[in-house]
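Novice: Starting from these lines, generate the structure:
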Amino acid sequence: MQVDWENHVGAEPQERKFVECLPDGFLEQLVLESTGEKAILNLVLCNELDLIEVKEPLGSSDHNTISFNLQIEREKGKSEVSVLQMNKGDYGAMREELAKVDWKDTLAGMTVEQQWQVFLRIIQKVQFQFIPKRKKDSKGRKGRPWLTRDVRDSIKIKEKYNIAKMSGLPEDWEAF
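Specialist: You can find the predicted model right below:
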């Protein structure tokens, strides 16, 4: 890409179109000085100027280092979402309540779709009646958004590997 970032001009039509659309998003190219052999090799677009600093190369690299600090604030609001605490439900009472329903009469004369909707409504009503609710934690994953299911699974696999490696027992290797 041959763009003159000082004057906001692109050499080719595609480059000109790209440079022209940046102000629409209030974006500026922040790297304006050479980062390697007289060329700007990095594209850092942001809506805050003076965010980056071009520094000396790291180690034996022939490219300069780009340093920047991001200050990100996320909106902290109360969660309005309620979730059912399935582990605390009174399932015996739910069974008793559902046993009272005359399913034959309740679902008679309906299409399959209508039967499903009625069945679902009854089940949900009983759920909300016998399973306690709580407000969902607005932090989500207890403030660790990077701790996804895949990461947790990888951690468990690593722990099993370490146990097997330390014990050397065939059953631990089998579990791994």
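Novice: how about the helix or strand where residue 15 lies as PDB, C-alpha atoms only?
Specialist: Using DSSP states H and E, the element containing residue 15 is helix 13-21. C-alpha atoms of helix 13-21 as PDB (Å, rounded to 0.1, in the frame of the first residue of the first chain):
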ATOM      1  CA  PRO A  13      -7.900   4.200  -6.500                       C
ATOM      2  CA  GLN A  14      -8.400   1.500  -3.900                       C
ATOM      3  CA  GLU A  15      -5.900   3.200  -1.500                       C
ATOM      4  CA  ARG A  16      -7.500   6.600  -2.100                       C
ATOM      5  CA  LYS A  17     -10.900   5.100  -1.200                       C
ATOM      6  CA  PHE A  18      -9.500   3.500   1.900                       C
ATOM      7  CA  VAL A  19      -7.900   6.800   3.100                       C
ATOM      8  CA  GLU A  20     -11.000   8.800   2.300                       C
ATOM      9  CA  CYS A  21     -13.200   6.500   4.500                       C
END
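Novice: Check which helices and strands it is in contact with.
Specialist: strand 3-4, strand 9-10 (3 or more CB pairs under 8 Å, 6 or more residues apart in numbering; DSSP states H and E). No exception for glycine: its C-beta is placed from N, CA and C like everyone else's.
Novice: Now do the last one: everything it contacts.
Specialist: Put plainly, it is strand 9-10. Where contact means CB atoms under 8 Å, 6 or more residues apart in numbering, the residues beyond strand 9-10 that reach it are 1-4, 16-19.
Novice: Pull out the buried residues from these.
Specialist: Among these, those classed as buried by neighbour count (16 or more other CB atoms under 10 Å) are 3, 19.
Novice: Go through the contacts of strand 9-10 and name the one nearest residue 168.
Specialist: Comparing these against residue 168 with CB to CB places residue 1 closest, at 55.6 Å.
Novice: Now the helix or strand encompassing residue 96: buried residues?
Specialist: When elements are assigned from DSSP H and E, residue 96 belongs to helix 91-99. Neighbour-count burial for helix 91-99, counted by 16+ other CB under 10 Å, picks out residue 94.
Novice: how about residue 164, what does it touch?
Specialist: Going by CB under 8 Å, 6+ apart, residue 164 touches 172-173, 175-176.
Novice: That one looks like it's in a helix, true?
Specialist: Yes - Residue 164 sits within a helix when classified using DSSP: H, G, I helix; E, B strand; the rest coil.
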